[in-house]
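Asks: Pasting the sequence and the predicted coordinates here, then a few questions.
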Amino acid sequence: AQSVTQLDSQVPVFEEAPVELRCNYSSSVSVYLFWYVQYPNQGLQLLLKYLSGSTLVKGINGFEAEFNKSQTSFHLRKPSVHISDTAEYFCASYPSGGSYIPTFGRGTSLIVHP
Amino acid sequence: NAGVMQNPRHLVRRRGQEARLRCSPMKGHSHVYWYRQLPEEGLKFMVYLQKENIIDESGMPKERFSAEFPKEGPSILRIQQVVRGDSAAYFCASSPDVNTGELFFGEGSRLTVL
């Protein structure tokens, strides 16, 4: 069984400050990992994904995430946030074999203050 | 290439009525997922379908809920005899294959049960 835990339900931050959104996963098999962003009243959009290879993954809008197998984590980071980054962020896992069902965390609301 | 299209975007029903939510996947995508989103609960998997087949419906309530993805036409999520607890945003996502786990989301259908 898979599970994804996003440790923070809400992260307030000031504009131009760095931010880290935390994600831990649990799985009995190898997984692929994803971060999605959801703006108000919209669907989810892919920010970045880790399938294999380099553990540091760069995505759109200046975001990056690091896969840490020993800590079973996939934290999302951005060195300097903008007001427009205010949104809900979801971490997801997908088993690399079998099941075919992506599992999502509960989401982290990033609130960027001017 | 049009994205995933969901309709209606907003639907209001009275208790006991039926709700039908439609989803047209991206062109070339034969895998469709339905998720339900409630505030503070993130995205909950409901059902995974391929053309004409339900592959996994483990997240869907056994009563009142059904889903289909016919050979021609959109995927449909049907909720019979709606209750207030069915009020939520329902998201459809499509995928071209099961190898990477990346999902492409629609903008969602927001169901309100009076």
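Replies: The structure has been received and is ready for your questions.
Asks: Let me know the helix or strand that the residue in chain A that chain B sits nearest to is in.
Replies: Nearest residue of chain A to chain B, counting by C-beta to the nearest C-beta: A:Y94, 2.9 Å away. The way it works is simple: take the backbone N, C-alpha and C, and place the C-beta from them, glycine included. For A:Y94, the enclosing helix or strand under DSSP states H and E is strand A:87-95.
Asks: quick one: the residue of chain A closest to chain B and A:P102 touch, right?
Replies: Yes. A:Y94 is in contact with A:P102 according to C-beta atoms under 8 Å; the separation is 4.7 Å.
Asks: who touches both of the two?
Replies: Jointly contacting A:Y94 and A:P102 under the rule C-beta atoms under 8 Å, 6 or more residues apart in numbering or on different chains are A:34, B:101.
Asks: Now the phi/psi pair for A:S80, please.
Replies: Main-chain dihedrals, A:S80, degrees, to the nearest 10: phi -150, psi 110.
Asks: Look up the pLDDT of the nearest residue to it once chain neighbours are set aside for me, please.
Replies: Using C-beta to C-beta, 6 or more residues apart in numbering or on different chains and skipping the chain neighbours, the partner closest in space to A:S80 is A:E16 (5.0 Å). With respect to pLDDT, A:E16 has a value of 97.
Asks: And B:V98, by the same measure?
Replies: Reported pLDDT at B:V98 in the predicted model: 82.
Asks: ditto for B:N1
Replies: You'll see B:N1 listed with a pLDDT of 55.
Asks: was I right about A:V37 contacting A:G43?
Replies: No. With contact defined as C-beta under 8 Å, A:V37 and A:G43 do not form a contacting pair (10.2 Å).
Asks: how many neighbours does A:F63 have?
Replies: Residues near A:F63, counting by other C-beta atoms under 10 Å in any protein chain shown, number 21.
Asks: what about the residue nearest to A:S80, which SS state?
Replies: Here A:E16 takes the coil state, with states given by DSSP: H, G, I helix; E, B strand; the rest coil.
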